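# sharing a model prediction with you, sequence too.
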Amino acid sequence: MLSIGVDIEDISRFRDKNIEFLKKIFTSNELDYCFKNKNYEQHLCARFCAKEAVIKALSALTSKKPAFLEIEILKKNNGAPYINILSDEFKNYEFLLSISHEKDKAVAFVVVK
């Protein structure tokens, strides 16, 4: 069975957030990657969108939802984003991910099978 999830957010939501707040949503790997970039808020927002899209897609397949910190958005060596699920409960699913951002918005689209 296939399921999809999508999320779009305003990038401005991730400007000037304190690190304690961000640590409730993002793993240390994600924060390290995002803060290495000049426009860190774009990368934070895109990862947040991806996490929300994962949760939305899984909600059509199961009654349980992963927590934000059980979903990690990383990059392959070729630069493509991918989803690393840190909870054994959701390891049997395969995830496809596309993320994008521009001036004011970030978006993520996820397919789960």
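Structure received. Residues are numbered from 1 along each chain as shown.

# going by C-alpha atoms from here, please, whenever you check contacts or count neighbours.
Fine.

# my guess is S3 contacts K113. True?
Yes: using C-alpha atoms under 8 Å, S3 makes contact with K113 at a distance of 6.5 Å.

# the top helix by length along the chain packs against which elements?
Longest helix of the chain, by residue count under DSSP state H: helix 40-59. Applying 3 or more C-alpha pairs under 8 Å, 6 or more residues apart in numbering; DSSP states H and E, one finds that helix 40-59 contacts strand 3-10, helix 28-35, strand 71-75, strand 95-101, strand 105-112.

# name the residues that touch the last one?
Residues from elsewhere that reach strand 105-112 (C-alpha atoms under 8 Å, 6 or more residues apart in numbering): 2-11, 42, 45-47, 49-50, 53-54, 57-58, 93-101.

# could you do the shortest one as well?
Around strand 71-75, the neighbours that count as contacts under C-alpha under 8 Å, 6+ apart are 26-27, 29-30, 47, 50-51, 81-87.

# now do the buried residues in it.
By neighbour count on 16 or more other C-alpha atoms under 10 Å, the buried set for strand 71-75 is I71, E72, I73, L74.

# quick one on the thing from earlier: among the contacts of strand 71-75, the buried ones, what's the PyMOL command?
Buried members of the contacts of strand 71-75, defined by 16+ other C-alpha under 10 Å, are picked up in PyMOL with:
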select buried, resi 26+27+30+47+50+51+81+82+83+85
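
# export the contacts of strand 71-75 to TSV and append columns for distance to A67.
Listed next are these as TSV, based on distance: C-alpha to C-alpha, whole Å:
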residue	distance to A67
F26	10
T27	11
N29	16
E30	15
R47	14
A50	13
K51	9
P81	19
Y82	17
I83	14
N84	13
I85	10
L86	10
S87	9
